[in-house]
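Asker: show me the folded form of this:
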Amino acid sequence: MRRFVRRSGILPWILIGLVAVACLGATNSARDAAPPPSPVFHRPAGALFADDFSGDSLRGWRADSAGSAWSVRDGMLRGDLPDVKQAHSFLLAGDSTWSDYAVEFDVCGMRGVDKGIGVRVKNRHGLGIDLRGPNHNDVLVYLNSLPVGSGKVENANGVWHHVRVEVRGSSFRVTVDDRMVTDKHLLVKKPPRRGGIALAAYAGGVAQCTVYYDNVVVTPLTAEPDP
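Answerer: Alright, predicted model coming up:
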C-alpha cells in the first residue's frame, strides 16, 4: 500500500509535466506559424502615408519602449509579445498635423485576441480601435480609456481582415471586411483633433499576442462641419 501511494503521488506530476510540455509546444507552434499570403497591395494616389513592408527596415515608423516586439518578416509587419497579461507595444507613424483622414490596413492575428490601431495619436493619447477575435468577435473603440463605441464582427485568427477607420471632425467610422461595424459622433468635451497612427500589439487577459499587419495606407478626407 505504501509503495502504491508513492507511485500514485508521482504519476500526477508526470502527467502535469507532459501536459505543460504539450501546451508549450502548441504555443510555440502558433507563435512561429506563418500567416497566409497577405492581400495584394494597391498604392493610392495622394496618400499621406503608405507601407507594404516590402523593405527590411521600419523606416517611417517609431516604436515605443517595447520596440523589440516589432519586426518585418516575409514582407509583413510582425508584432510578438511575451506571454504576460496586459503586455503591449505600439508602432507609430505620422505626425501632429494629420486631422481628417482614413487609415486602411490588413491584419491577421495568429495568437491571442486583440489587435488594432490608434488614430489621432499624440502624446500617448488618441482614439483606439480594438479588433477582438476568438470568443469575442467585436470591435471596441476607446477615447484614451473611455469606451465610445462598439460593434460585432467575425474576425477569426489565421485569416486576413481588411480594416478601414475614418476620422472626420468629431466623428469616426469603422468597417471590417467591407462591413460597417460602428459609426459614431464623439460626445465628449475635447475630442482629439490631430495626430498620427499607432499599430497595436496587446496580450490582454489571455497573455498571448502574435499578430501580422500589412498594406497600411493613410489618405486625407475632406473635412465636414460637426452637427
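Asker: please work out how many residues are found near the residue nearest to Ala87 when sequence neighbours are not counted.
Answerer: Excluding the flanking residues, the one nearest Ala87 by Cβ to Cβ, 6 or more residues apart in numbering is Ala203, at 4.1 Å. Heads up, the C-betas are built off the backbone N, CA and C, glycines and all. Here the count is done by other Cβ atoms under 10 Å, and Ala203 has 24 residues near it.
Asker: report the contact partners of Ala203.
Answerer: Leu81, Pro82, Asp83, Val84, Lys85, Gln86, Ala87, His88, Gly112, Asp114, Cys209 (Cβ atoms under 8 Å, 6 or more residues apart in numbering).
Asker: next one: the second one from Met110, what distance?
Answerer: It stands for Pro82. 15 Å (Cβ to Cβ, to the nearest Å).
Asker: which of those two has more neighbours?
Answerer: Ranked by neighbour count (other Cβ under 10 Å), Pro82 and Met110 place Met110 first, with 21 against 12.
Asker: contact partners for that one?
Answerer: Contacts of Met110 by Cβ under 8 Å, 6+ apart are Ala30, Arg31, Ala33, Pro35, Asn157, Gly158, Thr210, Val211, Tyr212.
Asker: any idea which of these is closest to Asp95?
Answerer: Val211 (24.5 Å; Cβ to Cβ).
Asker: helix, strand or coil for that closest one?
Answerer: strand (DSSP: H, G, I helix; E, B strand; the rest coil).
Asker: that one and Asp106 touch, don't they?
Answerer: No. Taking Cβ atoms under 8 Å as the definition, Val211 is not a contact partner of Asp106, at 11.3 Å.
Asker: neighbour count winner among these two?
Answerer: Val211 (27 against 20).
Asker: ok, now which ones touch that one?
Answerer: Arg78, Gly79, Asp80, Val107, Cys108, Gly109, Met110, Arg111, Gly112, Lys115, Ala201.
Asker: please redo it, this time with the cut-off set to 6 Å
Answerer: Gly79, Gly109, Lys115, Ala201 (Cβ atoms under 6 Å, 6 or more residues apart in numbering).
Asker: host element of Lys85?
Answerer: Using DSSP states H and E, Lys85 maps to neither a helix nor a strand.
Asker: count of neighbours near it?
Answerer: By other Cβ under 10 Å, neighbour count at Lys85 equals 10.
Asker: I'd like to know which helix or strand in the protein has the lowest mean pLDDT.
Answerer: helix 2-32 (a mean of 46; mean pLDDT, DSSP states H and E).
Asker: thank you, goodbye.
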